[in-house]
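Undergrad: sequence plus the predicted model coming up.
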Amino acid sequence: MHFPLHPETPPEGITIEALFAGRDIDLEAMYSRMKGLMDAEGLPYAQRSHTYNSRLAQELGKWADTQPGGAALHDALYKAYFVDGLNIGDIPTLVSVAQAVGLDADAALEVLEQRTFEADVDHDWSRSRAIGVTGVPTFVAGGYGVVGAQPYEALAGLITKVRSQNPP
């Protein structure tokens, strides 16, 4: 399910400093925490200078889920954004990422230009609001949720709580 994280972000993106301006957040500490979590899981993660609007990437991801081998797009978009710092709101960039994982570039371009999966993402955004998602990632099970990059124990606690209320 997709979530509208900073949907007001313009197509050209904004700097990380502008995104968090006036919020008394230590950006270096925030990056270090995330980098440590990602390193512990063996995931690549780089310090980004900008954030970009992910709406079109979400629509492309919905389409990719209907294509053979399309699941690979999600990891490629993660890498493009969180490792390479690419603008995932830029149509040529998205088409290039799709093509790099073996998806048809012309079909990807058509999906993005025609906004073929716009309604599907709108539905996801409505559902996200309805169940109270406020950040990413959010893990939901049995009416309970865990928001943010959390340690394994937090996720295991969620499953334990749900299982205790719904025994087999």
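TA: Alright, I've got the coordinates.

Undergrad: C-alpha from now on. contacts and neighbour counts both.
TA: OK.

Undergrad: and this structure, what are its domains?
TA: Per the record, the chain has its domains at 14-132, 137-168, by automatic domain parsing.

Undergrad: what about dumping the CA coordinates of stretch 151-167 to PDB?
TA: The C-alpha coordinates for stretch 151-167 follow below in PDB (Å, rounded to 0.1, in the frame of the first residue of the first chain):
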ATOM      1  CA  PRO A 151      14.200  -2.800  15.500                       C
ATOM      2  CA  TYR A 152      13.200  -6.400  15.000                       C
ATOM      3  CA  GLU A 153      11.800  -6.600  18.600                       C
ATOM      4  CA  ALA A 154       9.200  -4.000  17.900                       C
ATOM      5  CA  LEU A 155       7.900  -5.900  14.900                       C
ATOM      6  CA  ALA A 156       8.000  -9.200  16.800                       C
ATOM      7  CA  GLY A 157       6.000  -7.500  19.600                       C
ATOM      8  CA  LEU A 158       3.400  -6.500  17.100                       C
ATOM      9  CA  ILE A 159       3.000 -10.100  15.900                       C
ATOM     10  CA  THR A 160       2.900 -11.400  19.400                       C
ATOM     11  CA  LYS A 161       0.200  -8.900  20.400                       C
ATOM     12  CA  VAL A 162      -2.000  -9.800  17.400                       C
ATOM     13  CA  ARG A 163      -1.500 -13.500  18.000                       C
ATOM     14  CA  SER A 164      -2.400 -13.200  21.700                       C
ATOM     15  CA  GLN A 165      -5.700 -11.600  20.800                       C
ATOM     16  CA  ASN A 166      -6.400 -14.000  17.900                       C
ATOM     17  CA  PRO A 167      -5.200 -17.500  19.000                       C
END
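
Undergrad: thinking again about what came up before, could the domains of the chain be laid out in TSV, adding mean pLDDT, mean neighbour count and distance to F3?
TA: Below are the domains of the chain laid out as TSV (pLDDT from 0 to 100; neighbours: other CA atoms under 10 Å; distance: least, CA to CA, whole Å):
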stretch	mean pLDDT	mean neighbour count	distance to F3
domain 14-132	95	16	5
domain 137-168	86	13	9
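
Undergrad: export the ones you listed as JSON lines, with columns for distance to P4.
TA: Below are those laid out as JSON lines (distance: least, CA to CA, whole Å):
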{"stretch": "domain 14-132", "distance to P4": "6"}
{"stretch": "domain 137-168", "distance to P4": "12"}
